[in-house]
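Trainee: Here you go, sequence then predicted model.
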Amino acid sequence: MELETLVEIGIEIRNEISSFIGGNKDYGEMVTQRPKDITRKMDMAAEKALDSALLERGLSARVISEEIGDRIVGDKPEFMLVFDPIDGSTNATCGIPFFCTSIAYTEKTDIATFDDITMAVICDIQGNVYHAKKSKGAFLNGKRISGSKQGTRPKPVVSVYSYGVPHVPPGLIELEKKIIVRALGSIALDMCFVADGTLDGIMDTRKLVSGYDIMASALILDEAGGILTDISGKKISGNVQVTGISLIGTKQKELHDIIVSKLNA
C-alpha cells in the first residue's frame, strides 16, 4: 500500500465518523462494555468504514483494532493495520472536538512490533491530517513537521494522565509544580501535539495504554524527532497487541530526563 492510499482511507473514516455523529442522535450509545473501555455505535461505524475502504480498493489486511480485536478483511492479508477507530470517544460523546482516528501500517501480517510500523496516519475531527513514513519524516496537512511552535511559555506544557488508578508515582506532585498540566482526552492526538510542538510533552502513568492507542502516533513522534519511553526511561517496544503501557513523550531530552527523574525519585 502507498502512503497516499492510507491517508485517503484515514480521511474517509474520519468523514464517516463526522457524518454518523451528525446524523444519529444515539451515536454515543454503548454497544459493549469491557473492563477498561466501552464500544459505542460510532466506533462500530468507523470499523465498518475501514472494512469498506479496504474492500472497495481490492485490498486485504489483518486488522488489529480496539473495538473488534483481531480480524481478517478480504481473502488473503497483504499487510497489517493497527487501528483505533475513535481515540477520544468520551470527548466525542460530550461534543468536545478533540478526537481522531488512528491507523498504523506494517507489511508484516503475523507477529509485528513497534519497530515494524512503517507508515502512520492520524486524522482529527477538525480536519487535520498527521502522517509519517519511516525514515521519511512526519507531516501535518502535507507540510513537514520541524522545530517548535512559537510562543512564550513560562513552564513546559505537558499533558498528564494519572487519574482513575490506585497508585500515583510519588514524584508526580513535585513534578507538577514545574510544568503546566493539561489532559486533553486523546492520547494519540496529544502525542501528535508533542510532535508538532503544540505541547512540550505527554505522560501517562496509569498502565492503561494499549498498542492500538499509540502505534501510529509513536511513529509520528519519532519521525518528528521526539522521544518515547516508559516511565523508567526505557524505549517502548513489544508486540502491537501489547497492553498495560505507561509512557513519557517529549521532543526535548532535558525535559524527558527531568520527568523520568521525578517519577522515579
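Mentor: Sure, I can see it.

Trainee: following the helix or strand of the chain with the lowest mean pLDDT, which helix or strand shows up next?
Mentor: Ranked by mean pLDDT, DSSP states H and E, the helix or strand of the chain with the weakest confidence is strand 30-34, at a mean of 68. For strand 30-34, the following helix or strand on the C-terminal side (DSSP states H and E) is strand 37-40.

Trainee: Ile86 and Phe99 touch, don't they?
Mentor: Yes: contact criterion C-beta atoms under 8 Å: Ile86 and Phe99 qualify, at 5.7 Å. C-beta here means a position set from N, CA and C on the backbone, and glycine is covered the same way.

Trainee: Overlap of the contact sets of those two?
Mentor: Common contacts of Ile86 and Phe99, defined by C-beta atoms under 8 Å, 6 or more residues apart in numbering, comprise Ala92.

Trainee: thought Glu66 was touching Asp84?
Mentor: Yes: using C-beta under 8 Å, Glu66 is in contact with Asp84, at 5.0 Å.

Trainee: quick one: the most centrally placed residue in the chain and Ile202, what's the gap?
Mentor: Centroid-nearest residue in the chain, with C-alpha atoms, centre = their mean: Ala188, separated by 2.4 Å. When distance is defined by C-beta to C-beta, to the nearest Å, Ala188 is 10 Å away from Ile202.

Trainee: which residues of the stretch 1-150 of the chain fall in helices?
Mentor: 3-23, 41-56, 89-94 (DSSP state H, counting those that start in this stretch).

Trainee: Assign a three-state SS to Ser159, would you?
Mentor: strand (DSSP: H, G, I helix; E, B strand; the rest coil).

Trainee: Could you give the bridge partners of it?
Mentor: Beta-bridge partners for Ser159, by DSSP bridges, are Arg182, Ile202.

Trainee: same question, Arg144
Mentor: For Arg144, the beta-bridge partners under DSSP bridges are Phe139.

Trainee: Gly127 - how many residues pack around it?
Mentor: Using other C-beta atoms under 10 Å, Gly127 has 11 neighbouring residues.

Trainee: I'm done for today, thanks for sticking with me.
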